[in-house]
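Engineer: Need a 3D model of the following:
(one chain, ligands or ions: 1)
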Amino acid sequence: MADDAMVVNFDISPDAFTIVTPKFKGGRWKDRLKAKKAVEHRARKRAIEAAEFNIARTTPTPTSETAITAVRRKRSDEKPKQKPAPQAVKTGEFVSSLWTGNPEAAGAVTDDKGEEGKVNEPSNAPLADGSATFTTLGLSPILANHLTTKLSLKAPTAIQRSAIPELISTDSDAFIQAETGSGKTLTYLLPIVNRIMSLSLSPPSAQQDGESAAKQTRHSGLYAIVLAPTRELCRQISTVLSTLIHCKNGPHWIVPGAVSGGEKKKSEKARLRKGINILVATPGRLLDHLENTESLDVSRVRWVVLDEGDRLMELGFEETIGSILGILEKKSKLPKKREEAAGWKSEAGLPRRRVSMLCSATMKTNVQRLGDISLKEALYIKAEKGYDNAGGSSKGGEEGFQAPAQLKQSYVVVPAKLRLVGLNAILKRALIRQTASPKIIVFFSCSDSVDFHFQVFSRLLEDGSDIKPPKPTPKPTKRSEGSEKDSAKPQAPETKLDPSGKPAKQPLPSNNPAIAKAPHLHPTALLHKLHGSLPQPIRTSTLHSFAHTTSPSLLFCTDVAARGLDLPNVDLIIQFDPPFSRDDHLHRIGRTARAGRAGRAIMFLLPGPEEGYVDAVLKKCGNPIRADMDEVFKKGFGGEGVNRKKREWEDKATEWQLEVERWVLADKAVMDLSKKAWGSHIRAYTTHVASEKGMFNHKALHYGHLAKSFGIRDAPGDIRVPGGGATSGGKGRGNTTGSAATATSAKAGAKRSLDAEDLPSDAGLEAVRKMRKIAFSMQMKKGMASEFNIG
Ligand SMILES: Nc1ncnc2c1ncn2[C@@H]1O[C@H](COP(=O)(O)OP(=O)(O)OP(=O)(O)O)[C@@H](O)[C@H]1O
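Structural biologist: Sure, this is the predicted structure:
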């Protein structure tokens with residue numbers, strides 16, 4: 001880290017900027033003079049910049065507060081601008097410049113000839129070569145017709161073509177592996193629904209036992225159980241299931257249901273008692289019902305599906321799943337062995353034995369372990385060669401898990417101090433450059449950080465309004481009138497005015513506190529937040545709003561939204577905090593570019609060791625482009641007609657940053673929130689997987705610069721994280737030697753470890769696993785269930 005990066009948190013003496021010119025010896029006198037002048041010029045420039053921007057420090061009187069004004073770089077050729085409002089700065093606080101003392105990025109900017117450049121052929125799209133239809137896969141005409149006409153699915157995807165015929169015609173267990181957004185849900189649901197449907201479609205003569213010849217109803221039995229790691233996923237799978245069942249002339253008698261916690265157990269019990277034929281559940285909740293709900297009859301279960309297998313294991317469900325399978329085995333009336341099954345009479349269409357399916361995008365060791373406990377002589381099904389990453393940039397990786405080939409990946413190297421303004425710039429640009437209403441997901445490392453950034457962008461503007469007044473529209477000149485160039489430009493959405501000419505208040509779609517307007521970014525955009533600490537009804541309604549709103553839509557979230565969620569038409573994924581492992585990266589960016597659609601993803605990296613992530617991971621998952629940070633700022637803050645040479649965007653970004661800092665200072669609750677977010681961010685940083693710790697080394701973090709990106713002016717050593725202690729940062733040092741993460745109280749850490757969905761990495765998950773183990777044994781002893789907010 002560059003030395004001058006430390007300046008911000010040190011007491012600077014006035015003579016620190018005395019220009020000392022080294023003596024040059026040898027060579028021609030002209031060259032010596034030139035070198036001397038160059039050194040003097042550089043030193044003077046630095047001193048002026050530092051004096052103007054860097055050190056607006058208060059007089060150290062313990063009782064008085066001194067007002068300071070952020071000083072802008074003076075330029076002879078510009079009109080005096082209104083200076084940012086003076087702000088009170090307490091003793092010990094600093095206002096450092098955003099633009100000085102930042103470490104430089106090592107790599108070069110990729111020449112990105114337009115974001116609209118070459119896009120690879122999609123690798124997870126429906127097959128366009130006519131090689132398969134839903135009917136040729138063996139699905140009933142009713143179901144095939146429903147898929148093509150009502151659900152507008154023209155053809156199966158590669159994994160569906162490979163798996164569906166096997167799953168319809170055999171009773172084998174299966175491990176299904178395919179990249180994100182390739183349609184794995186339908187891959188396992190379609191054969192199940194098709195085979196259950198055949199019960200009611202086949203004539204009684206074709207039935208092999210008398211029992212099934214009777215009219216099928218919801219009481220005919222529970223045939224399939226689908227296990228998913230989160231409540232959101234359970235709901236999503238249930239919805240897909242319902243759309244399949246409600247087809248014309250279809251199997252309306254089949255009743256799907258979900259039990260995933262987050263609602264009263266009593267109502268779940270009532271649903272189970274009424275009769276369910278296909279049940280979607282989180283493992284914890286299902287085990288609870290298996291042990292405590294008498295009406296849940298599992299003796300005829302034919303399928304057990306473990307969706308998102310790797311995540312189920314990461315969240316410590318191994319033992320729970322083991323117990324579930326044990327109970328199913330014990331209560332089953334089906335033949336236990338294959339030989340017995342062969343001679344056994346089953347209802348027409350249904351498997352003669354219980355079939356297990358394990359679905360995962362990855363093939364990690366933990367998934368293999370789950371396979372060991374759940375599968376017997378299983379088929380390994382993946383997208384056929386030639387369709388797996390067809391024609392794309394993706395390379396066959398160690399684990400065969402790749403990003404969709406059409407997904408455009410990029411990264412931007414942004415110093416710690418500039419992260420918040422950088423996020424603002426990128427979001428503004430993304431919201432304005434799209435013609436239709438864009439959907440953007442921003443990933444953060446922890447829920448506190450999500451909360452803080454949600455507040456930053458949804459707070460009212462400084463004048464108390466929630467919408468910016470419209471800019472006066474420039475009169476069209478003759479030249480620009482109707483010109484093709486102008487009409488092609490993305491237009492900022494129109495701001496609605498009230499009768500008095502002021503911007504009209506925009507009504508929110510609901511009173512959900514996790515949804516707000518984002519006046520700092522866009523007049524009509526809706527900002528959503530999602531993390532594991534929010535109550536379930538809020539999470540559900542937030543996701544619904546994000547997915548269905550017609551306004552530009554943003555979702556700030558933790559990794560709770562990284563897996564399995566199928567949110568329609570997400571255009572851009574921003575990984576503001578880098579993921580905790582390569583798989584997390586692929587799952588996060590996999591929320592876009594689904595089923596053959598286009599998508600973009602950008603990751604923020606800090607200059608220094610983090611840049612190593614590009615070669616170590618990003619280049620192995622595609623061909624990432626390095627975006628130019630200056631361009632990001634220019635496009636985000638520059639706006640129309642900005643004089644780019646003067647770097648006006650620097651001033652705009654500075655003004656906005658100072659505004660955030662004033663807002664943080666003005667309210668203790670906000671200050672607490674920002675400090676908590678800063679502390680949690682650092683703590684989360686320490687939990688990157690061991691193999692990536694070299695790139696994400698918390699000792700290389702500049703805590704002071706990082707604090708600025710949370711709107712905090714205190715020196716790191718003075719920051720008291722609410723609920724924890726001061727960090728271990730040495731006084732006056734921007735860059736601590738100890739770990740702030742470990743310095744925060746154990747209590748706070750323990751509380752967070754319950755927040756399983758927000759801690760996707762080794763350390764966090766280890767904690768969750770331990771907690772789950774304890775809860776599991778307690779549950780065994782006391783016969784009670786524990787839900788760590790994930791089912
Ligand atoms: N044959 C198809 N044609 C077009 N779209 C499809 C097809 N099959 C599935 N889809 C759509 O593709 C999207 C992704 O499907 P799904 O959620 O099942 O993917 P996935 O492989 O499970 O992804 P992830 O690994 O991220 O969970 C869904 O919107 C789904 O409706």
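Engineer: ok, now how distant is Ser374 from the ligand?
Structural biologist: Using Cβ to the nearest ligand atom, to the nearest Å, Ser374 is found at 18 Å from the ligand. Every C-beta, even on glycine, is put in place using the N, C-alpha and C of the backbone.
Engineer: How far does stretch 658-677 stretch from one end to the other?
Structural biologist: 18 Å (Cα to Cα, to the nearest Å).
Engineer: Helices of the stretch 551-700 of the chain, start to end?
Structural biologist: Along the stretch 551-700 of the chain, the stretches classed as helices by DSSP state H, counting those that start in this stretch are 582-589, 612-616, 629-633, 648-666, 668-685.
Engineer: of all those, which lies closest to the ligand?
Structural biologist: helix 582-589 (6.7 Å; Cβ to the nearest ligand atom).
Engineer: got the CA coordinates for that closest one in PDB?
Structural biologist: Provided in PDB are the C-alpha atoms of helix 582-589 (Å, rounded to 0.1, in the frame of the first residue of the first chain):
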ATOM      1  CA  ARG A 582     -15.500 -19.300  -6.700                       C
ATOM      2  CA  ASP A 583     -18.800 -21.200  -6.500                       C
ATOM      3  CA  ASP A 584     -20.500 -18.300  -4.800                       C
ATOM      4  CA  HIS A 585     -19.300 -16.100  -7.600                       C
ATOM      5  CA  LEU A 586     -20.900 -18.300 -10.200                       C
ATOM      6  CA  HIS A 587     -24.100 -18.600  -8.300                       C
ATOM      7  CA  ARG A 588     -24.400 -14.900  -7.800                       C
ATOM      8  CA  ILE A 589     -23.800 -14.000 -11.500                       C
END
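Engineer: tell me which strands and helices it is in contact with?
Structural biologist: strand 572-575, strand 599-605 (3 or more Cβ pairs under 8 Å, 6 or more residues apart in numbering; DSSP states H and E).
Engineer: Show me where the chain dips below the pLDDT cut-off.
Structural biologist: In the predicted model of the chain, residues 1-26, 39-95, 110-118, 201-215, 336-348, 384-400, 434-435, 462-510, 639-646, 724-791 satisfy pLDDT under 70.
Engineer: care to break the protein down by domain?
Structural biologist: Domain assignment of the chain by automatic domain parsing yields the ranges 1-95, 159-196+217-336+345-396, 405-469+504-650, 669-780.
Engineer: will you turn the ones you listed into a markdown table that also has mean neighbour count and distance to Ala105?
Structural biologist: Below are the domains of the chain laid out as a markdown table (neighbours: other Cβ atoms under 10 Å; distance: least, Cβ to Cβ, whole Å):
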| stretch | mean neighbour count | distance to Ala105 |
| --- | --- | --- |
| domain 1-95 | 13 | 12 |
| domain 159-196+217-336+345-396 | 20 | 23 |
| domain 405-469+504-650 | 21 | 4 |
| domain 669-780 | 20 | 14 |
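Engineer: if we can go back for a sec, dump the helices of the stretch 551-700 of the chain into a markdown table; add distance to the ligand as well.
Structural biologist: A markdown table is the format used below for those (distance: least, Cβ to the nearest ligand atom, whole Å):
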| stretch | distance to the ligand |
| --- | --- |
| helix 582-589 | 7 |
| helix 612-616 | 22 |
| helix 629-633 | 28 |
| helix 648-666 | 34 |
| helix 668-685 | 23 |
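Engineer: Please list the residues of this protein that sit near the ligand.
Structural biologist: Within the chain, the positions near the ligand by Cβ under 6 Å from any ligand atom are 126, 153, 156-157, 160, 178, 180-186, 361, 564, 566, 590, 594-595.
Engineer: if we go to 5 Å?
Structural biologist: 126, 153, 156-157, 180-186, 361, 564, 566, 590, 594-595 (Cβ under 5 Å from any ligand atom).
Engineer: which residues are contacting stretch 437-445?
Structural biologist: If you take Cβ atoms under 8 Å, 6 or more residues apart in numbering as the criterion, stretch 437-445 is touched by 423, 427, 430-431, 450, 453, 546, 549-559, 561-562, 567-577, 579-580, 588, 591-592, 680-681, 684-685.
Engineer: one more time with 7 Å
Structural biologist: 427, 430-431, 450, 453, 550-559, 561-562, 569-577, 588, 591, 681, 684-685 (Cβ atoms under 7 Å, 6 or more residues apart in numbering).
Engineer: would you put the C-alpha positions of that stretch in PDB?
Structural biologist: Taking Å, rounded to 0.1, in the frame of the first residue of the first chain, the C-alpha atoms of stretch 437-445 are listed here in PDB:
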ATOM      1  CA  SER A 437     -36.900  -0.700 -16.800                       C
ATOM      2  CA  PRO A 438     -33.700  -2.400 -15.700                       C
ATOM      3  CA  LYS A 439     -33.400  -4.900 -12.800                       C
ATOM      4  CA  ILE A 440     -30.200  -4.800 -10.900                       C
ATOM      5  CA  ILE A 441     -29.000  -7.000  -8.000                       C
ATOM      6  CA  VAL A 442     -26.200  -5.700  -5.800                       C
ATOM      7  CA  PHE A 443     -24.500  -8.300  -3.500                       C
ATOM      8  CA  PHE A 444     -23.000  -7.300  -0.200                       C
ATOM      9  CA  SER A 445     -21.000  -9.400   2.300                       C
END
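Engineer: And for the residue of the stretch 1-150 of the chain at minimum distance from the ligand, the neighbour number?
Structural biologist: Closest residue of the stretch 1-150 of the chain to the ligand, Cβ to the nearest ligand atom: Pro126 (3.7 Å). Pro126 has 18 neighbours, counted by other Cβ atoms under 10 Å.
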